[in-house]
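Enquirer: After the sequence you'll find the predicted model.
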Amino acid sequence: MSTMRAQIPVQSAARRPLLARRRLDSERVISWVLFLMALSALSGLAVITAFIFKEGIPIIAKVGLRRFIFSSHWYPLEGEFGILPMIVGSLMVTAGAMVIGMVFGLGCAILLTQYCPPRMVSIIKPAIELLAGIPSVVYGFIGVAILVPFIRDYLGGPGLSVLASSIVLGVMMLPTITSISVDALRAVPKSYIEGSIALGATEWQTTHMVVLKAARSGIVAAVILGMGRAVGETMAVIMVAGNTLELPHSILDPVRTLTSNIALEMGYAAGDHRKALFATGVVLFVIIMVLNTIALRVSRRRSKVKVLAK
Amino acid sequence: MTQVMEQIVQSVPQPAGPVPAKMVVEDFSASFGEMQVLKRVNLQIMPCERLAIIGPASSGKTTLMRSLNRLNDMEPQFSREGRIQLDGHDIYHPQTDVPALRRRVGMVYAVPTPLPWSIYENITYGPRLAGVTSRQRLDALVESSLRASFLWDEVKDRLDMPGTDLSGGQQQRLCLSRVLALEPEVLLLDEPCSGLDPISTARIEEAMVELKRKYSIVLVTNNTKQAARASDRTAFFLMGELIECGPTVELFTNPKHQRTSDYITGHFG
């Protein structure tokens, strides 16, 4: 080895310290660039938050928080800003989507982790994850073209409804719920499963008495993350929800969600009306923050339990 | 080869008189994918005996155990030939009630595997699956099975504490109690003492002496000394083949095969 080095011309020995210094400089530059990039993401969050609150809070203060949230009169041109129907609409649509997404997503996850041969998993799992890549406007289109007429013909009502939005959003949530639940179910120690099987449990008994119990917090986190997506989704919902300003009385009634309200009216709103739309954004922001915090709490509790188990 | 086979068959003691074997392994071979791990094994497990299975790593001991209660069915690569009978019934018959088989042939793993619940729930899980619902009956089962594994006195006041909070030795005895609560007929112990201190090991061996009055016990162990002191018969496996099986005293003092004697005296493995 040393003889090899000796054969390298003197020239390179002279160059070596120079190279080293240059590398150090580039390291420093890279770390600064990365730092600035990280900062820009953070400042993006800060700017958005500050802007929404700055624009939205004054109108909430002017109308009064209680009237803004609990009044169901939304007549922006007459200065009436009550967003209760939209809050209810968002919550109903989200709850419906959650039920659908959870039942089917968890079903998929259980099938993929407990019952499927590996080769089938390698086909089904990517296919479900592909759902996440379909643009939401396409979901909305399919909803309008197929789902809405179906509901109108067989269940009654205008078709554009809470139910239609819930189904569309539920399908959109599937990839999120499925892939996170799969991770949670796979994290259940194999010894739990073997122990249960060896005690005479069938596969299904093991799944619902041992595996689901052990993975519960991960599954809850999956559902809440999916819910975050459902609350925020706009385009698909606008297309199938009907967007009326009435309080919905059944799942077959049309509704308007918070996000749809902003998207539909921002184009022509001015003055207080525009500010009220920002205030709608504030409410949406708070709802999503609350959901995210719950998700974080729950997943953190899971890791604590794991440490205890060890 | 056939000569060796004959010798092996001869070395299996035939049931003495009217006592039929509890479990009979007949020409049993097992493979995972292309790899054959058990080669035409013939073995009998008698009622009320402690049968030790010894042999170096990858000799097929654990695979044999896991075949006795069909736990290997969970491995997608697993395939087998030959038969295993429990009280004269082929356990691999397509109509076998596998969960019921696993209740009759209970298993304790090398690593303690309590479920993440309380001691009480760990023990009552199996009986509840089997359809026992009476609280009184469950309580009685918890006490009797904890007593049988010498754990009762240590945990009787804290049955609601998580099983995972017990020490390693206690966890292993909890797993033993959990199996005993099923009131099985055969107990499979797969290196139950491999991670335990000498005192916990002694406790488990002590329990085995009591347990063999009611159960057939199959003990897989890497510890030849344990096989020598805690079994009635010993079977020696090597590379998936049963080399020799006989009364423990005989096998350890006067082994018939060179390879057996090499192993028990520590020349390899």
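Expert: Here it is on my side, so go on. Since the model is a prediction, treat every value here as computed from it, not as a measurement.
Enquirer: where does the stretch 101-250 of chain A come near chain B, residue by residue?
Expert: Contact residues, the stretch 101-250 of chain A versus chain B (CB under 8 Å from any CB of the partner chain): A:117-118, A:189, A:191-192, A:194-202, A:205, A:209-210, A:213-214. Every C-beta, even on glycine, is put in place using the N, C-alpha and C of the backbone.
Enquirer: The most centrally placed residue in chain B in helix, strand or coil?
Expert: When chain B is reduced to its mean C-alpha position, the closest residue under CA atoms, centre = their mean turns out to be B:Leu188, at 1.7 Å. Look at B:Leu188: counting by DSSP: H, G, I helix; E, B strand; the rest coil, its state is strand.
Enquirer: Who's the closest spatial neighbour of it, skipping the chain neighbours?
Expert: Closest residue in space to B:Leu188, ignoring its immediate chain neighbours: B:Met107 at 4.3 Å, by CB to CB, 6 or more residues apart in numbering or on different chains.
Enquirer: Who are the contact partners of that neighbour?
Expert: If a contact means CB atoms under 8 Å, 6 or more residues apart in numbering or on different chains, then B:Met107 has A:Ala198, B:Met65, B:Arg66, B:Asn69, B:Leu71, B:Val179, B:Leu187, B:Leu188, B:Leu189, B:Asp190 as its contacts.
Enquirer: Would you double-check that B:Val132 falls in a strand?
Expert: No. Residue assignment for B:Val132, taken from three-state DSSP, gives coil, which places it outside any strand.
Enquirer: which outside residues touch stretch A:130-144?
Expert: For stretch A:130-144, contacts defined as CB under 8 Å, 6+ apart pick out A:164-165, A:167-168, A:171-172, A:174-176, A:233-240.
Enquirer: for the residue nearest to the centre of chain B, which residues make a bridge with it?
Expert: Note on B:Leu188: beta-bridge partners B:Met107, B:Val218, judged by DSSP bridges.
Enquirer: That one and A:Ala214, how far apart?
Expert: Taking CB to CB, to the nearest Å as the measure, B:Leu188 falls 25 Å from A:Ala214.
Enquirer: Might one say that the residue nearest to the centre of chain B is in contact with B:Ser67?
Expert: No. Using CB atoms under 8 Å, B:Leu188 makes no contact with B:Ser67, being 10.1 Å away.
Enquirer: Can you point out the buried residues in stretch A:165-183?
Expert: Burial within stretch A:165-183, assessed by neighbour count using 16 or more other CB atoms under 10 Å in any protein chain shown, is assigned to A:165-182.
Enquirer: how about the helices in the stretch 101-250 of chain B?
Expert: For the stretch 101-250 of chain B, applying DSSP state H, counting those that start in this stretch gives helices covering B:119-129, B:135-148, B:152-155, B:168-180, B:198-211, B:224-229, B:248-253.
Enquirer: Of the ones you listed, give the one that comes closest to chain A.
Expert: Among the helices of the stretch 101-250 of chain B, the nearest to chain A by CB to the nearest CB is helix B:119-129 (3.9 Å).
Enquirer: elements contacting that closest one?
Expert: For helix B:119-129, the helices and strands in contact under the criterion 3 or more CB pairs under 8 Å, 6 or more residues apart in numbering or on different chains; DSSP states H and E are helix B:135-148, helix B:168-180.
Enquirer: and B:Pro76, what is it in contact with?
Expert: By CB under 8 Å, 6+ apart, B:Pro76 lies in contact with A:Pro117, A:Pro118.
Enquirer: Assign it to helix, strand or coil.
Expert: Recorded secondary structure, B:Pro76: coil (three-state DSSP).
Enquirer: swap in the one 5 residues further on?
Expert: Three states are possible here, and by three-state DSSP the one that applies to B:Glu81 is strand.
Enquirer: In three-state terms, label the closest residue to it other than its chain neighbours for me.
Expert: In space, B:Glu81 comes closest to B:Ser29 once its chain neighbours are excluded; the distance is 4.5 Å by CB to CB, 6+ apart. Three-state call for B:Ser29 (three-state DSSP): strand.
Enquirer: again with B:Ala52
Expert: Using three-state DSSP, the secondary structure recorded for B:Ala52 is strand.
Enquirer: A:Glu194 too?
Expert: For A:Glu194, the secondary structure call by three-state DSSP comes out as helix.
Enquirer: Give the full set of residues in contact with it.
Expert: Neighbouring residues of A:Glu194 by CB under 8 Å, 6+ apart: B:Leu71, B:Met74, B:Tyr109, B:Thr113.
Enquirer: Does B:Phe252 touch B:Thr234 like I think?
Expert: Yes. In terms of CB under 8 Å, B:Phe252 counts as a neighbour of B:Thr234; the distance is 7.2 Å.
Enquirer: Of the two, give the one with the bigger neighbour count.
Expert: Just comparing B:Phe252 and B:Thr234: by other CB atoms under 10 Å in any protein chain shown the higher neighbour count belongs to B:Thr234, 27 against 21.
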